[in-house]
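In: Sharing a sequence plus its predicted fold:
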Amino acid sequence: VFVLLGDGECNEGSVWEAAALASELDVSNLVAIVDQNHLRNDGLTTTYEHRIKLAKLWEAFGWNVLEVDGHNHDQIRDALADVTTPTDAPTAIVAQTIKGKGIPFMEANNDWHHNRITASLYEECITALESVNV
């Protein structure tokens, strides 16, 4: 079972209630993939950066934790392969990302959290992404 979360979403108590319960019940077939891009709909996500690291918080809740570069396909593939190995606890994959990576006017720009792409902007995005070496 896979769950996709954003780091801003992890400010919600319901996330931690579910995380605690999953660990307590040894739900070992649960994988949370957490996109840590340091932005949420209203600005920077600074809740888990000063004293508490987000990955360490998942560990404190009893989860196995893997940290990856969320833009590195090999690291993501390896982490997903690791979660197919049976464990005694749920697993969190914390993926460090940059919002809008690869598109200059979107990259690390939180204005694009709720924005829309017009037809002309779509063409600009495709051109930018095609020029990225993968």
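Out: Looks like it came in fine.
In: which regions of the protein sit below the pLDDT cut-off?
Out: For the chain, the stretches with pLDDT under 70 are 43, 46-50, 133-134.
In: does the residue positioned nearest the centre of it sit in a helix or strand, and which one?
Out: The chain has D35 as the residue nearest its centroid, 1.1 Å off, counting by CA atoms, centre = their mean. Here D35, judged by DSSP states H and E, is contained in strand 31-36.
In: Show me what that strand is packed up against.
Out: Here strand 31-36 touches strand 2-6, helix 54-60, strand 91-96, going by 3 or more CB pairs under 8 Å, 6 or more residues apart in numbering; DSSP states H and E. Using the backbone N, CA and C atoms, a C-beta is placed for each residue, glycine as well.
In: hmm, who's touching the helix or strand just after the first one?
Out: Stepping forward along the backbone from strand 2-6, the first helix or strand reached (DSSP H and E) is helix 13-24. Around helix 13-24, the neighbours that count as contacts under CB atoms under 8 Å, 6 or more residues apart in numbering are 5, 9-10, 30, 32, 58, 61-63, 89-90.
In: Distance to D111 for those - can I get that in a markdown table?
Out: Output for the contacts of helix 13-24, formatted as a markdown table (distance: CB to CB, whole Å):
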| residue | distance to D111 |
| --- | --- |
| L5 | 22 |
| E9 | 19 |
| C10 | 22 |
| L30 | 34 |
| A32 | 27 |
| W58 | 29 |
| F61 | 33 |
| G62 | 37 |
| W63 | 33 |
| A89 | 38 |
| P90 | 34 |
